[in-house]
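S.K.: Please find the sequence and the predicted model below.
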Amino acid sequence: MDIAALEEIKRLKHRYLRCVDLKLWDEIGDALTADATAEYGTAVRGGPVLRTGRDAIVGFLRESLPPSIITAHSAQQPEIHLDGDTATGIWAFTDTVIATEHDSTMVRGAAFYEDRYERGADGRWRIRHTGFTRTYEYVVRLGDLPGFQLTADRWTRG
Amino acid sequence: MDIAALEEIKRLKHRYLRCVDLKLWDEIGDALTADATAEYGTAVRGGPVLRTGRDAIVGFLRESLPPSIITAHSAQQPEIHLDGDTATGIWAFTDTVIATEHDSTMVRGAAFYEDRYERGADGRWRIRHTGFTRTYEYVVRLGDLPGFQLTADRWTRG
Amino acid sequence: MDIAALEEIKRLKHRYLRCVDLKLWDEIGDALTADATAEYGTAVRGGPVLRTGRDAIVGFLRESLPPSIITAHSAQQPEIHLDGDTATGIWAFTDTVIATEHDSTMVRGAAFYEDRYERGADGRWRIRHTGFTRTYEYVVRLGDLPGFQLTADRWTRG
């Protein structure tokens, strides 16, 4: 068992999701191969979203996640299988997305990711494909929740 | 420190919980020893549930979790201690259970798992005992939540 | 890559958070260096809370988290970097805090931890600094949530 490779792939996924939640759009690209593909099965966006290529994926994330959209992505319980310089990974995923503008809403859901990874000529692992299938997803209108108060927001309050 | 054994036990737990959430009842049995015991301290079911033996545990899960019950189980923060071919594991656990039929409800909670594992003659780790103690658990009626909408459900919408 | 050190630091963090959620105030101190510092950026408490020294941190936790305050802390997605006998760690963090007395409230949030660790003369890793920056945090009044019921509470019901 190549434990170091497993650790590197886990850290890659962790870094990728941290870049998403911290909106580090200039850093996130290096976590993806140039020809990476992404498929997000988010029903509230009207069905699966597919993007091909690092630039298209980063562009989609940058455009979809302005400071008025707070996200917290959590990928856990990795089952990673190595095969030389490629690997597959299954992750249990939960996410919270809070849209703070207008009719403020919160989306919560769970999914299973099925990713593929590739080790480049530089010896570094990158995401070759990422995609998930929803277990569930729901929306609530926060303005209608009795006593709801957003007490911290990294993006609009500093 | 036998890092490979730790990784195998983590992956075992991850696989077991994935089988629960994906309702893979034909696959899940192999994660348990034949004489495994399970104790689920779920108050909404009226107190601790005990099952003895792989078949009884899988039968209980299959019966309790039809497609109208969506689950997302998350076990994190493992503290695993190895002792030859046995091991113990503590995990921080959170779960979401959505009952989509009738008076639709959502149960959310946290707990600490205290598991025991065993390495079989075939060299594979299996769960010998699993059980948890709740930190908290609550129920909400989804139909009464203003603006609530279930936008994805793996089991009843595809 | 010193995988054993990474595993030890992860387990240290897991143990520390378990001690918080289980209110094990006599055990938690050993997870911290004597000169440890902690910074909790919790807006509902009126801004960052800083504590210096193991005793001050443990005292703060003991005082802030009586049995009427249920907590579930989850630190995930570690990115740990080792440098000899010191290390840094970034963790994605989510927490749920339920205050069961009076106007019962629930606080939920996410954050990123930035920790520092130190390996002592006894060869054991301890937390030298822990602190987080909130991604978001919100409060809801549970008494106002239709159909809300707390069905398990480790501290007030056994």
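M.R.: Right, received. Where do you want to start? All values derive from a computational prediction rather than experimental measurement. Numbers count the residues shown, from 1 in each chain, chains lettered A, B, ... in the order given.

S.K.: Count the residues that sit near residue A:150.
M.R.: Using other Cβ atoms under 10 Å in any protein chain shown, residue A:150 has 19 other residues around it. All C-beta spots, glycine's among them, are computed from the backbone N, C-alpha and C.

S.K.: Wait, it touches residue C:137, no?
M.R.: Yes - the pair residue A:150 / residue C:137 is scored as a contact, 7.5 Å apart, by Cβ atoms under 8 Å.

S.K.: All the helices of chain A, residue numbers only.
M.R.: A:3-21, A:25-28, A:54-64 (DSSP state H).

S.K.: between those, which one is nearest to residue A:146?
M.R.: helix A:3-21 (28.0 Å; Cβ to Cβ).

S.K.: Mind listing what's buried along that closest one?
M.R.: A:3, A:5-21 (16 or more other Cβ atoms under 10 Å in any protein chain shown).

S.K.: So what sits opposite residue A:79 in the bridge?
M.R.: Note on residue A:79: beta-bridge partners residue A:90, judged by DSSP bridges.

S.K.: go on, the one 4 residues further on?
M.R.: The bridge-partner assignment for residue A:83, based on DSSP bridges, gives residue A:86.

S.K.: Would you mind measuring from the residue most central in space within chain A to residue C:91?
M.R.: Nearest residue to the geometric centre of chain A (Cα atoms, centre = their mean): residue A:17, 5.0 Å. Per Cβ to Cβ, to the nearest Å, residue A:17 is found 12 Å from residue C:91.

S.K.: who touches both of the two?
M.R.: Overlap of the contact sets of residue A:17 and residue C:91 (by Cβ atoms under 8 Å, 6 or more residues apart in numbering or on different chains) consists of residue C:77.

S.K.: Would the longest strand along chain A count as contacting chain B?
M.R.: The single longest strand within chain A, with elements called by DSSP state E, is strand A:125-141. Yes - judged by Cβ under 8 Å from any Cβ of the partner chain, strand A:125-141 and chain B are in contact via A:133, A:134, A:135, A:136, A:137, A:138, A:139, A:140, A:141.

S.K.: of those residues, closest to chain C?
M.R.: residue A:140 (10.4 Å; Cβ to the nearest Cβ).

S.K.: who in chain A is up against chain C?
M.R.: Residues of chain A lying near chain C (Cβ under 8 Å from any Cβ): A:3-4, A:7-8, A:11, A:13-15, A:17-18, A:21-22, A:70-76, A:96, A:98, A:142, A:145-154.

S.K.: so which of those also contact chain B?
M.R.: Okay, of the residues of chain A next to chain C touching chain B (Cβ under 8 Å from any Cβ), that's A:3, A:74, A:76, A:145.

S.K.: Among those residues, find the lowest-pLDDT one for me.
M.R.: pLDDT is lowest at residue A:145 among these; the value there is 82.

S.K.: Show the pLDDT at residue A:43.
M.R.: Value for residue A:43, per-residue pLDDT: 64.

S.K.: er, residue A:39 I mean
M.R.: pLDDT at residue A:39 comes out at 93.

S.K.: which residues does it contact?
M.R.: Counting by Cβ under 8 Å, 6+ apart, residue A:39 has contacts A:48, A:49, A:50, A:51, A:129, A:130, A:131, A:132.

S.K.: picking that back up, most surrounded residue in the residues of strand A:125-141 next to chain B?
M.R.: residue A:136 (25 neighbours).

S.K.: In contact with residue A:9: list those residues for me.
M.R.: Neighbours of residue A:9 in contact, by Cβ under 8 Å, 6+ apart: A:78, A:80, A:87, A:89, A:117, A:125.

S.K.: now, which of those residues sits nearest chain B?
M.R.: residue A:78 (6.7 Å).

S.K.: So what's the residue count around residue A:50?
M.R.: Counted with other Cβ under 10 Å, residue A:50 comes out at 14.

S.K.: so how far is residue A:37 from it?
M.R.: In terms of Cβ to Cβ, residue A:50 sits 7 Å off from residue A:37.

S.K.: hmm, back to that, can you tell me, leaving aside adjacent residues, what's nearest to the residue nearest to the centre of chain A?
M.R.: Distances taken as Cβ to Cβ, 6 or more residues apart in numbering or on different chains place residue A:73 nearest to residue A:17, at 4.5 Å, with adjacent residues excluded.

S.K.: any idea how far the closest residue to residue A:138 other than its chain neighbours is from residue B:101?
M.R.: Excluding the flanking residues, the one nearest residue A:138 by Cβ to Cβ, 6+ apart is residue B:150, at 5.0 Å. Distance, residue B:150 to residue B:101, by Cβ to Cβ: 12 Å.

S.K.: cool, residue A:50 as well?
M.R.: Distance from residue A:50 to residue B:101, by Cβ to Cβ: 33 Å.

S.K.: Equivalent analysis for residue A:69, please.
M.R.: From residue A:69 over to residue B:101 (counting by Cβ to Cβ), the distance is 33 Å.

S.K.: the more surrounded of those two?
M.R.: Each of residue A:69 and residue B:101 has its neighbours counted (other Cβ under 10 Å); residue A:69 has more, 15 against 11.

S.K.: so the more buried one bridges to which residues?
M.R.: Beta-bridge partners of residue A:69, as defined by DSSP bridges: residue A:99.

S.K.: ok, it - contacts?
M.R.: A:97, A:98, A:99, A:100.

S.K.: Please name the bridge partners of the closest residue to the first one other than its chain neighbours.
M.R.: The shortest distance from residue A:97 to any non-neighbouring residue, by Cβ to Cβ, 6+ apart, is to residue A:107 (4.3 Å). Beta-bridge pairing of residue A:107 under DSSP bridges involves residue A:97, residue A:139.

S.K.: how long is stretch A:114-129 end to end?
M.R.: Terminal residues of stretch A:114-129 lie 8 Å apart, using Cα to Cα, to the nearest Å.

S.K.: what's the distance between it and the middle of its chain?
M.R.: Computed by Cα atoms, centre = their mean, to the nearest Å, the chain-centroid distance of stretch A:114-129 equals 16 Å.

S.K.: if we look at it, which residues are touching it?
M.R.: A:5, A:8-9, A:12-13, A:16, A:30-33, A:35-39, A:80, A:85-91, A:130-133.

S.K.: filter those residues to the buried ones?
M.R.: For these, buried by 16+ other Cβ under 10 Å: A:5, A:8-9, A:12-13, A:16, A:31-33, A:36-38, A:80, A:87-91, A:130-133.

S.K.: hang on, isn't residue A:75 packed against residue A:110?
M.R.: No - assessed by Cβ under 8 Å, residue A:75 is found out of contact with residue A:110, at 11.0 Å.

S.K.: what residues do those two have in common as contacts?
M.R.: A:92, A:93.

S.K.: quick revisit: okay, the residues of strand A:125-141 next to chain B in CSV with pLDDT next?
M.R.: As requested, those are exported to CSV (pLDDT from 0 to 100):
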residue, pLDDT
A:133, 92
A:134, 93
A:135, 96
A:136, 95
A:137, 94
A:138, 93
A:139, 92
A:140, 91
A:141, 89
